[in-house]
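Engineer: My questions are about this predicted structure, shown below with the sequence.
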Amino acid sequence: MNETAAARGDGTAKLPLFLLSFHYRNELAAMIEEAGWRVIAARRPDAIERRMIASGSTVVLIDARGAREEAVAACTAVAPAAVSAGSAVLAIVEDSAAPDAFHAAGATHYLVAPFDQAVLKTTLRFAERFVERLAGGGSAASARASLRLAESEAWIWKPGDRMVTLSSAFAERIGASGAEVPLSMLFRLMDGPSRRLAREAIDRLLANGRATAFAHRGGLHGERLAHHISFDDARGAVVAWIEVMRGGGPDGDRQDNDMLTGLPSADRIRAWVEERLADEDAPDPRCALLMLGIMRFGLVNAAFGRTTGDAVLQGVARRIERVLDRSGFANAMIARTAGSEFTIALAPPVGVDNAEAIANRLVESVAWPFVSGESLIPLSCRVGIAAIEGEVRRDAGTLFNRAAAALAAAKHGDAGLVRALDADSEAEALRRNQLEIDLRRALDHDQIDIVFQPQVDVSSRAIMGVEALARWRHPHLGELGAVPLFATAARSDFVVPLSAHVQERALRLAARWPDRLRHLRLSVNVTAADIAQPNFVEDFLGRVAEAGFPHERLTVEITESGLIADLAGAADLLARLRRAGLRVAIDDFGTGYSSLAYLKSLPLDYLKIDKTLAEDITGSTRDRIVVRGVIDMARSLGLAVITEGVETEAQLSLLAREGCNYYQGYLCSPPVDVAALEAMLAGAEEAAAAKR
């Protein structure tokens, strides 16, 4: 295994190490720096888990010399967070009998004092190798470390230079307009005594090369900032890592924290919200809630590994904190409430407008790519916003449910990345969510019916085939058509199971048609999501064979115009269906920008003109020219034309004049069941016989 870049002295960033030493902080930090690490050092164990996670450290070193009980307690506190972060925990002990207690507390390595520089360096190297194995190899560990470093707040200054280089995160923290600022500006953040201590710390570092730290109140909102400074020989510069001191004691701050991000737990934020809602003296809204969900985060874990995915979530947590800091909301709480979902609670003074502004900043911040090694990791997120204002119910459950409904609406809707819900819009969102739940039960309870709409020969007016359409017999809402049915399925990623059910049901019904219907063609809908499934052709033809419906009377209609991404692959699949004896139609032509690409690329037999064009044909001359052009283009390609949504004789007359072959619509019949379809054909036969 290669040594760290920092230890080799190649000028790249050092890996971070979090040090807790009750009595030997400065001396030990100097030795660790000499071993090639960047040290974030502390003397007290207060909020150690959160501070370790925020530092992005790959190794945690707890020095138990002279403070064994306190060190064991600190190890017990930090170990779960270190496990979640994929970090090593190294304990320095004073006798060979002590390691058992620290291993029981969660330590992964130990070092017995006294020791020299060479022994320390070797032990740290073993801890580093342990981290690399957890991360899946040296490159993965380095990628994770670089990702954490990229999200850090830091500055670099070369002695003698007038300017200081700031990380983008720290520049945002202090309100700097650029990546470089005068050193004097950095000192102007501090009061007189803090400025003196900062200068002394830097002078001390330059004199003896030992890492040290100083702290002060600063930033846009007066938070306490600790500067952990060290000297980087490769760059010849002072390097500082900034720790935001958020307060809280070792017990209060540790209670139920999320071990991956260091943020409060879901239980803590719910209790915090309940306290705000119970405050009778607070103005409305007493609390606003933002739920942020990372979109398709599973793909990040799949592409880069779980360790890098965890580091990305830690980076998201830090970005959320910075957005809140910049927004000036001191009275707020952030929590990770699900795998890749975060909740932000804001106390007064806050309104929906303020919350939406913060939500938009969060979307922008999360969208900035994360850097992992040589890779860029782009993310996107959605945010749901909820508040309770002027309502009787003010419980936390109502607020959290509303925020969850808002997030679901933001994820599945097309009205933007941020969605705010009041009581009325919450009810609509909950109704849609309930529909998604009901749909999954509908298949088991046999609530999806199939009806058939006739397709009529324009010249003879004879019914030559039917299209199978789905109807949902909802137990409370009554009959729902195919549009709301498949829209609900799309929101809940249920299109493929629903489509397969409708196809199978239609084929089985048609295979049992009475003799009077056995000459009709059957058209079934196939979605772009169906085509994208592995083994689609085999599965579909298997349904046809199982139902026993003849291939030569079956047409596949491709729906969802504009959603087929792989036209070459789709063309191959449809060609295989045609070789099996089926016909292929393109549905809803005229509704999407991909329609012409479909005609060029896909092997087709029919073109179905969307009903919106049929409605327009009796309008202006321009509308008729468009329809005529579509029909002429189809005929020149050897395709038959079917027009949907024909409702009047005037529409049919114009379509016949332009050369349309078939139509379907209410002019002939609405979608009907098998019995009504048979009666319709019987009536047509009787009428034809009477004419003879």
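Structural biologist: Nice, I can see it.
Engineer: drop to CA atoms for contacts and neighbour counts, all remaining ones
Structural biologist: OK.
Engineer: can you tell me the helix or strand for Ala386?
Structural biologist: Using DSSP states H and E, the element containing Ala386 is strand 381-387.
Engineer: after that strand, next one along is what?
Structural biologist: According to DSSP H and E, the helix or strand after strand 381-387 is helix 396-412.
Engineer: give me the number of residues near the nearest residue to Arg576 once chain neighbours are set aside?
Structural biologist: Sequence neighbours aside, Val537 is the residue nearest to Arg576 in space, at 7.4 Å (criterion: Cα to Cα, 6 or more residues apart in numbering). If you count neighbours by other Cα atoms under 10 Å, Val537 ends up with 17.
Engineer: ok, now Arg578?
Structural biologist: Arg578 has 19 neighbouring residues, counting by other Cα under 10 Å.
Engineer: List the buried residues of the strand holding Ala386.
Structural biologist: Buried residues in strand 381-387, counted by 16 or more other Cα atoms under 10 Å: 381-387.
Engineer: Quick check: of the residues you listed, which lies closest to Arg43?
Structural biologist: The shortest approach to Arg43 among the buried residues of strand 381-387 belongs to Cys381, at 38.4 Å (Cα to Cα).
Engineer: Which pLDDT value belongs to the closest one?
Structural biologist: On the pLDDT scale, Cys381 is placed at 90.
Engineer: surely it meets Arg361?
Structural biologist: No - judged on Cα atoms under 8 Å, Cys381 makes no contact with Arg361 at a distance of 11.3 Å.
Engineer: Spell out which residues are contacts of both of the two.
Structural biologist: Shared contacts of Cys381 and Arg361 (Cα atoms under 8 Å, 6 or more residues apart in numbering): none.
Engineer: CA atoms of the longest helix along the chain as CSV?
Structural biologist: Ordering each helix of the chain by length in residues (DSSP state H) puts helix 306-327 first. Output in CSV follows, covering the C-alpha atoms of helix 306-327 (Å, rounded to 0.1, in the frame of the first residue of the first chain):
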residue,chain,number,x,y,z
ARG,A,306,-21.5,3.0,0.4
THR,A,307,-18.5,4.7,2.1
THR,A,308,-18.5,7.5,-0.4
GLY,A,309,-22.3,7.7,-0.3
ASP,A,310,-22.0,8.2,3.5
ALA,A,311,-19.4,10.9,3.0
VAL,A,312,-21.7,12.7,0.6
LEU,A,313,-24.5,12.6,3.2
GLN,A,314,-22.1,14.1,5.7
GLY,A,315,-21.3,16.8,3.1
VAL,A,316,-25.0,17.5,2.6
ALA,A,317,-25.5,17.9,6.3
ARG,A,318,-22.6,20.5,6.5
ARG,A,319,-24.1,22.4,3.5
ILE,A,320,-27.5,22.6,5.1
GLU,A,321,-25.9,23.9,8.3
ARG,A,322,-24.1,26.6,6.3
VAL,A,323,-27.3,27.6,4.5
LEU,A,324,-29.1,28.0,7.8
ASP,A,325,-26.1,30.0,9.2
ARG,A,326,-26.1,32.3,6.2
SER,A,327,-29.9,32.8,6.5
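Engineer: Which elements pack onto that helix?
Structural biologist: Other helices and strands packing on helix 306-327, by 3 or more Cα pairs under 8 Å, 6 or more residues apart in numbering; DSSP states H and E, are helix 48-55, helix 68-85, helix 117-135, helix 138-150, helix 168-174, helix 298-304, strand 332-338, helix 352-367.
Engineer: what is the rounded mean pLDDT of the fifth one?
Structural biologist: When the per-residue pLDDT values of helix 168-174 are averaged, the result is 74.
Engineer: what's in contact with the helix or strand following that helix?
Structural biologist: Once helix 168-174 ends, the next helix or strand along the chain (criterion: DSSP H and E) is strand 180-182. The set of residues external to strand 180-182 that reach it, using Cα under 8 Å, 6+ apart, is 162-166.
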